[in-house]
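Engineer: from the sequence below, what's the structure:
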Amino acid sequence: MNRACNEITGFSELLQRFERNISILGRSKRTFENYSRHVAAMVLHFGALPTELHPEQVKDYLFELQQRSNSPSQSYFKHTVYGLRFLLKTENLPYDYLHLPSIPKEKKLPVILSREEIWKMLQHPDLLKHRILIGLIYSCGLRCMEVRNIELKHLDLIETTFHICSK
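Structural biologist: Predicted structure coming up:
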């Protein structure tokens with residue numbers, strides 16, 4: 001992290017608690033890096049820990065982020081809010097402590113391929129086993145982990161069924 005952040009009283013201890021709690025909750029190291037980067041940017045902006053700020057300062061900062069964003073998804077804004085929420089959780093403070101906005105989850109409809117697109121997808125691989133695997137994945141709607149766990153014993157040719165194991 002930036003040297004200027006570490007000079008702010010309590011930031012390194014806050015960061016250690018933050019990392020510990022993210023790890024305990026089973027989040028990835030990448031999640032910690034992402035959230036801490038956004039929190040550190042806010043610390044640098046104000047020269048103080050987010051937990052020491054007035055909620056109006058936080059709102060002004062988030063508004064500024066929203067105005068700077070060129071992306072319709074505003075991912076930087078979202079990750080800042082998510083990082084702050086996790087920080088509040090780390091410090092045992094309620095979400096409304098900083099008056100953080102709720103971020104509605106976009107409801108996306110699944111992409112449905114046409115018959116021609118499915119046929120092209122199935123005909124593209126050179127090897128038959130790859131064609132079969134792609135057909136199986138698409139027709140069963142398998143997730144990545146389920147595909148990785150496929151074994152021949154999961155296929156019942158008599159009953160013409162396929163047993164999906166997520167492990």
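Engineer: burial of residue 83, as a residue count?
Structural biologist: Neighbour count for residue 83, taken as other CB atoms under 10 Å: 24. Using the backbone N, CA and C atoms, a C-beta is placed for each residue, glycine as well.
Engineer: against residue 101, how distant is it?
Structural biologist: Distance, residue 83 to residue 101, using CB to CB, to the nearest Å: 14 Å.
Engineer: again with residue 36
Structural biologist: 21 Å.
Engineer: list the contacts for the most centrally placed residue in the chain?
Structural biologist: With distances taken as CA atoms, centre = their mean, residue 31 lies nearest the centre of the chain, 7.5 Å away. By CB atoms under 8 Å, 6 or more residues apart in numbering, the contact set of residue 31 is residue 22.
Engineer: helix or strand: which one has it?
Structural biologist: helix 29-46 (DSSP states H and E).
Engineer: and what of residue 14?
Structural biologist: Per DSSP H and E: helix 11-24 holds residue 14.
Engineer: distance between that helix and the chain's centre?
Structural biologist: Helix 11-24 sits 18 Å away from the centroid of its parent chain (CA atoms, centre = their mean, to the nearest Å).
Engineer: and what of stretch 98-113?
Structural biologist: On CA atoms, centre = their mean, the centre of stretch 98-113 falls 12 Å from that of its chain.
Engineer: and the contacts of it?
Structural biologist: By CB under 8 Å, 6+ apart, stretch 98-113 touches 50, 53, 55, 58-59, 62, 78, 81-82, 84-85, 88, 121, 138.
Engineer: let me have those in a markdown table, extended by pLDDT, neighbour count and secondary structure.
Structural biologist: Output for those, formatted as a markdown table (pLDDT from 0 to 100; neighbours: other CB atoms under 10 Å; DSSP: H, G, I helix; E, B strand; the rest coil):
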| residue | pLDDT | neighbour count | secondary structure |
| --- | --- | --- | --- |
| 50 | 86 | 23 | helix |
| 53 | 86 | 18 | coil |
| 55 | 87 | 12 | helix |
| 58 | 88 | 21 | helix |
| 59 | 88 | 15 | helix |
| 62 | 87 | 19 | helix |
| 78 | 84 | 15 | helix |
| 81 | 88 | 21 | helix |
| 82 | 88 | 16 | helix |
| 84 | 89 | 23 | helix |
| 85 | 87 | 15 | helix |
| 88 | 84 | 18 | helix |
| 121 | 88 | 14 | helix |
| 138 | 85 | 13 | helix |
